[in-house]
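[1] Sequence and predicted structure are below.
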Amino acid sequence: VAATTATVLLLGETGTGKELVARGIHELSPRATGPFIRVNCGALSESLLESELFGHVKGAFTSAHENRTGRFEAAHGGTIFLDEIGEMPLSMQVKLLRAVQEREVREVGSELSTKIDVRIIAATNKDLGEAVKNGSFRNDLYYRISVVPLFIPPLRDRQEDIPVIADHVLESCSSKLNK
């Protein structure tokens with residue numbers, strides 16, 4: 001999937017390494033020389049998330065003392081990783097859908113849209129199919145972000161990976177500590 005331009009949805013429990021998989025996809029892609037921008041969609045309030053994703057113009061709201069570039073624009077030519085997308089409020093999902101569909105964003109407080117060239121990788125530990133059924137996640141956004149869904153199994157289901165991970169951690173720590 002790395003060699004394609006397809007939008008990827010990474011699914012799996014917390015701690016399964018979804019961000020590592022996203023970074024791997026980016027690093028093996030034709031966009032590897034571009035930025036890899038991570039946004040934790042569950043860690044920000046709705047108003048902060050909108051400004052974080054799309055940016056804002058000076059004066060758009062009380063504390064907007066200067067223009068601020070959003071994460072989508074910062075990821076131009078690279079990859080944006082939308083972590084914990086299942087935590088995003090419905091009203092924000094509408095705004096994200098436009099960016100995903102049209103590949104353009106509008107800064108908060110601006111009348112102008114900006115074209116973006118980004119690959120989108122999203123991740124969640126939630127069952128988005130169930131969230132669509134119960135109305136907490138938009139059906140149209142779900143289908144736009146799950147072009148290529150990848151399930152990342154927990155480590156307990158892939159124990160053969162433990163020696164490789166242990167070797168990597170040991171090598172990394174040894175290098176940092178000059179041991």
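    Done, it's in.

[2] okay, CA-based contacts and neighbour counts for the rest of this
    Noted.

[3] shaky segments in this structure?
    59-64 (pLDDT under 70).

[4] what are the ranges of the helices in it?
    Ranges of helices in the chain, per DSSP state H, are 18-27, 46-54, 71-74, 90-102, 128-133, 139-145, 162-177.

[5] what about the ones you listed, which gets the closest to residue 117?
    Across these, residue 117 has its closest neighbour in helix 71-74 (8.3 Å, CA to CA).

[6] mind putting the helices of the chain in JSON lines, mean neighbour count and distance to residue 3 included?
    JSON lines is the format used below for these (neighbours: other CA atoms under 10 Å; distance: least, CA to CA, whole Å):
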{"stretch": "helix 18-27", "mean neighbour count": "19", "distance to residue 3": "8"}
{"stretch": "helix 46-54", "mean neighbour count": "19", "distance to residue 3": "25"}
{"stretch": "helix 71-74", "mean neighbour count": "23", "distance to residue 3": "21"}
{"stretch": "helix 90-102", "mean neighbour count": "15", "distance to residue 3": "19"}
{"stretch": "helix 128-133", "mean neighbour count": "14", "distance to residue 3": "25"}
{"stretch": "helix 139-145", "mean neighbour count": "16", "distance to residue 3": "17"}
{"stretch": "helix 162-177", "mean neighbour count": "11", "distance to residue 3": "24"}
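
[7] Turn those into CSV, including distance to residue 121.
    Formatted as CSV, these follow (distance: least, CA to CA, whole Å):
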stretch, distance to residue 121
helix 18-27, 7
helix 46-54, 14
helix 71-74, 12
helix 90-102, 11
helix 128-133, 15
helix 139-145, 8
helix 162-177, 23
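
[8] Which among these is found nearest to residue 37?
    With CA to CA as the measure, helix 71-74 is the member of the helices of the chain nearest residue 37 (6.7 Å).

[9] Packing partners of the closest one?
    For helix 71-74, the elements it packs on are strand 36-40, helix 46-54, judged by 3 or more CA pairs under 8 Å, 6 or more residues apart in numbering; DSSP states H and E.

[10] With distance to residue 5 added, can I get the ones you listed in CSV?
    Below are the helices and strands packed on helix 71-74 laid out as CSV (distance: least, CA to CA, whole Å):
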stretch, distance to residue 5
strand 36-40, 14
helix 46-54, 20
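
[11] Tell me which of the ones you listed sits nearest to residue 163.
    Residue 163 lies closest, by CA to CA, to one member of these: strand 36-40, at 27.9 Å.

[12] what does the closest one rub up against?
    Under the contact criterion CA atoms under 8 Å, 6 or more residues apart in numbering, strand 36-40 has outside partners 23, 26, 53, 71, 74-75, 78-85.

[13] ok, now stretch 76-83?
    19, 22, 26, 31-42, 71-72, 116-124.

[14] Buried ones among these?
    Buried by 16 or more other CA atoms under 10 Å: 19, 22, 26, 31-32, 34-42, 71-72, 116, 118-124, out of the contacts of stretch 76-83.
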